[in-house]
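Undergrad: Attaching a predicted model along with its sequence, questions to come.
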Amino acid sequence: MAQILVITDTSEVDGEVVYRESVGAVHLEGHAGAQLVERLRWAVRDAQVAEHRAMLKGVETVNEEQPAA
């Protein structure tokens with residue numbers, strides 16, 4: 001069965017799987033399709049939050065490594 005994966009951006013670090021769901025064509029129709037899109041929307045939002053937190057953590061790490069003036 002096919003899968004949908006939402007993974008955080010992997011440009012600088014290994015991506016984190018935020019959402020994984022096995023789907024078939026039947027899951028894309030009618031009310032089930034609308035529910036799938038809703039879950040996908042939540043997962044994309046969660047991935048964006050995780051990426052933002054990782055970016056902020058990276059900035060904090062760089063600032064801690066720099067000596068005080």
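TA: It's in. Numbers count the residues shown, from 1 in each chain.
Undergrad: what sits against the most centrally placed residue in the chain?
TA: Residue closest to the average C-alpha location in the chain (C-alpha atoms, centre = their mean): Ala47, at 2.3 Å. Residues in contact with Ala47 (C-beta atoms under 8 Å, 6 or more residues apart in numbering) are 6-9, 16, 18-19. For the C-beta atoms, the positions are set from N, CA and C on the backbone; glycine is no exception.
Undergrad: Pick out the most distant pair among the residues you listed.
TA: Asp9 and Tyr19 (14.3 Å; C-beta to C-beta).
Undergrad: just to revisit the earlier point, how about the residue nearest to the centre of the chain, secondary structure?
TA: helix (DSSP: H, G, I helix; E, B strand; the rest coil).
Undergrad: for His52, same thing?
TA: helix.
Undergrad: That one: how many residues sit nearby?
TA: 11 (other C-beta atoms under 10 Å).
Undergrad: Compute the distance between it and Thr8, please.
TA: 10 Å (C-beta to C-beta, to the nearest Å).
Undergrad: Am I right that Ser11 is in a helix?
TA: No. According to three-state DSSP, Ser11 belongs to no helix; its state is coil.
Undergrad: Next up, the contacts around it.
TA: So Ser11 contacts nothing (C-beta under 8 Å, 6+ apart).
Undergrad: go on, Thr8?
TA: When contacts are counted by C-beta under 8 Å, 6+ apart, Thr8 touches 15-16, 18, 47, 50-51, 54.
Undergrad: if I look at Thr8, how far off is Leu40?
TA: 15 Å.
Undergrad: Val17 now?
TA: Distance from Val17 to Leu40, by C-beta to C-beta: 14 Å.
Undergrad: Could you check which of these two is surrounded by more residues?
TA: For the pair Val17 and Leu40, the greater number of neighbours falls to Leu40 (14 against 11), based on other C-beta under 10 Å.
Undergrad: ok now the helix or strand containing the more buried one, how far from the chain's centre?
TA: Per DSSP states H and E, Leu40 falls inside helix 30-65. Helix 30-65 sits 4 Å away from the centroid of its parent chain (C-alpha atoms, centre = their mean, to the nearest Å).
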